[in-house]
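Asks: After the sequence you'll find the predicted model.
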Amino acid sequence: MSDVQTANQARAVALISCLSALGLGGCSATARILGSPPADLPLPAGVEVAFNHRADRHYRSPISGERRSGDNLEQFLLETIERAESDILVAVQEISLPRVAEALVERKRQGLRVLVILENTYSTPFSEQLPAGLSSHQLGRHRHLMALADTDRDGHLSASERDRGDAVRILQRGGIPMLDDTADGSAGSSLMHHKFMVVDQRWVVTGSTNFTPSCIHGDPDDRRTRGNVNHLLRFDSQDLAALFNREFNRMWGDGPGGLPDSRFGIAKEGGPVQAVMVGPTRVEVLFAPHRRKDPNHGLLLLDQRLARAERQLDLNLFVLSAQGLTNRLAELRQRGVAIRLLADPGFANRSFSEVLDLLGVSMPDRFCKLELGNSPWQQPITGVGTPRLARGDKLHHKFAVVDRKTVITGSFNWSPSAAHGNDETLMVLESPQLAAHFSREQDRMWQGAELGITSRLRRKLKRVRQTCGQGTPRPLAATAQQP
């Protein structure tokens, strides 16, 4: 008998045994057909989560064509769009995935109400931008998207390549109503940094992920990249959808071309944290920004939730630049809470990064100034580091797991700019089942992470100190700009 026949016979025997047991009430919930993938961790009712770098899932990248590990976050979005029966509301910093744009246009053609809000930096079709006027970051993005759209690889975009490969152009040509954070008559909020979609006032998709190739699959012009490390959550909840609907409507006003009644940034008046139940899961939502003296602002909410930690705290952050949160971590450490912190390598070693405090070092900025309130720990923490990523990829998560039962996540970077300038989502989810998924992601990234003062940081400190010495305090009025 061949190996294939043997395997098929084993599967058949397992299936018959399980079906027989079901008739007797004796087939356990963990039983599975031999040869099938192991069951995933359970999730609470009404909540799904996907991670684009997880090791136990695989998909074929639409960018490189290669089989790779991770959940396909683009497919996650497309499946949600396909579920729509009446309306789709999208508020995301950037959309540059042509298939997502095409799916939105197709649903509009079918009679659905489809509305889109973008950040003003990304609301113009990239194929209409001249490289000469772009910043270095925008030039990199332009190069990536050119590579995505340039299907014949001749270095130039034809009219048909622009029509098929430029997502914002696809939305415009499809008649999708769109606006950005200048619709209130201003130059825009610090960043319209939301990443959410609401479908049929029932489904909510949100998390750390922009709707871009680089945030999901990898840079189109570099096959070595695997995409920024990200996650998405999908909720089935009319109550939660109502909260996100209200946030969307505050920003939308009466839409493009109407009165200047859109509200972004501080003018939006974010309000207090709101709580709903999604099945058995308590979900708290805070929409930023808030004024610095507002007791509802996001950094205070983070501080309050971190203060509840009793045993363990895992942090997986793109940016940590809020001194008050670092002070809270110091207090938790004194209480014996075990802390594991992973930060993006590109931000961890910047002068404004509070990761430096945890490592017991300080670094002057390019003007040889030190951050106000700097407080390097006298006993540096050992559980802090940066993950090993493909060159060009970023750790883009913004999550914490408290005592393996509470998840903090959203678009909200742990910075003053997120709390007081950007349009953001910050969520607190009380669920040990959901926390297990985020803890697994932390465990995966912890393997192979570089802990403590890395050789990269040591070299940078040496260069900066040769120029600036120990640095001088920054004037009181100066503030750092972080995402």
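Replies: Now that the structure is in, tell me what you want to look at. Residues are numbered from 1 along each chain as shown.
Asks: what about the nearest residue in space to Pro62 that is not next to it in sequence, how many residues close to it?
Replies: With Cβ to Cβ, 6 or more residues apart in numbering as the criterion, Pro62 has its nearest non-adjacent residue at 6.6 Å, and that residue is His217. In short, each C-beta sits where N, CA and C put it, glycine included. Per other Cβ atoms under 10 Å, the neighbour tally for His217 reads 26.
Asks: for Pro256, same thing?
Replies: Neighbouring residues of Pro256 were enumerated by other Cβ under 10 Å; the total is 13.
Asks: Now for it: which residues touch it?
Replies: Contact criterion Cβ atoms under 8 Å, 6 or more residues apart in numbering gives 177-179, 183 as the residues in contact with Pro256.
Asks: Using just helix, strand and coil, how would you label it?
Replies: At Pro256 the chain is in coil, as set by DSSP: H, G, I helix; E, B strand; the rest coil.
Asks: so Gln442 touches Leu342, yeah?
Replies: Yes: the pair Gln442 / Leu342 is scored as a contact, 7.1 Å apart, by Cβ atoms under 8 Å.
Asks: higher neighbour count, those two?
Replies: Neighbours were tallied for Gln442 and for Leu342 using other Cβ under 10 Å; the higher tally belongs to Leu342 (26 against 19).
Asks: Please confirm that that one is located within a helix.
Replies: No: applying three-state DSSP, one finds Leu342 to be strand, outside a helix.
Asks: for the residue nearest to it when sequence neighbours are not counted, helix, strand, or coil?
Replies: Here the nearest residue to Leu342 in space, its sequence neighbours aside, is Asn316; by Cβ to Cβ, 6+ apart that works out to 5.1 Å. Classification of Asn316 using three-state DSSP returns strand.
Asks: number of nearby residues for Asn316?
Replies: As a burial measure, Asn316 scores 26 neighbours (other Cβ under 10 Å).
Asks: was I right about it contacting Leu395?
Replies: Yes: in terms of Cβ under 8 Å, Asn316 counts as a neighbour of Leu395; the distance is 7.0 Å.
Asks: quick one: common contacting residues for those two?
Replies: 342, 445.
Asks: which of the contacts of Pro256 are buried?
Replies: By neighbour count, with 16 or more other Cβ atoms under 10 Å, the contacts of Pro256 hold 178-179, 183 as buried.
Asks: Cross those against strands and list the overlap.
Replies: Among those, the members falling in strands are 178-179 (criterion: DSSP state E).
Asks: hey, where'd the helices end up in the stretch 301-450 of the chain?
Replies: Remark: helices of the stretch 301-450 of the chain, listed N- to C-terminal, are 323-334, 345-348, 355-358, 416-420, 432-446; assignment by DSSP state H, counting those that start in this stretch.
Asks: Dump the ones you listed into CSV; add mean pLDDT and distance to Val278 as well.
Replies: Output for the helices of the stretch 301-450 of the chain, formatted as CSV (pLDDT from 0 to 100; distance: least, Cβ to Cβ, whole Å):
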stretch, mean pLDDT, distance to Val278
helix 323-334, 96, 27
helix 345-348, 92, 31
helix 355-358, 94, 33
helix 416-420, 97, 24
helix 432-446, 98, 10
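Asks: To Ser69, which of those helices lies closest?
Replies: Ranking the helices of the stretch 301-450 of the chain by proximity to Ser69 (Cβ to Cβ) places helix 432-446 first, at 9.9 Å.
Asks: Return the set of buried residues in the closest one.
Replies: Taking 16+ other Cβ under 10 Å as the neighbour-count basis, helix 432-446 is seen to contain the buried residues 434-442, 444-446.
Asks: do the same with stretch 462-474
Replies: Taking 16+ other Cβ under 10 Å as the basis for neighbour counts, the residues of stretch 462-474 that come out buried are 464, 468, 471, 474.
Asks: Correct me if wrong: the first one contacts Phe367.
Replies: Yep, that's Val464 we're talking about. No: the criterion here is Cβ under 8 Å, and Val464 misses it with Phe367 at 11.4 Å.
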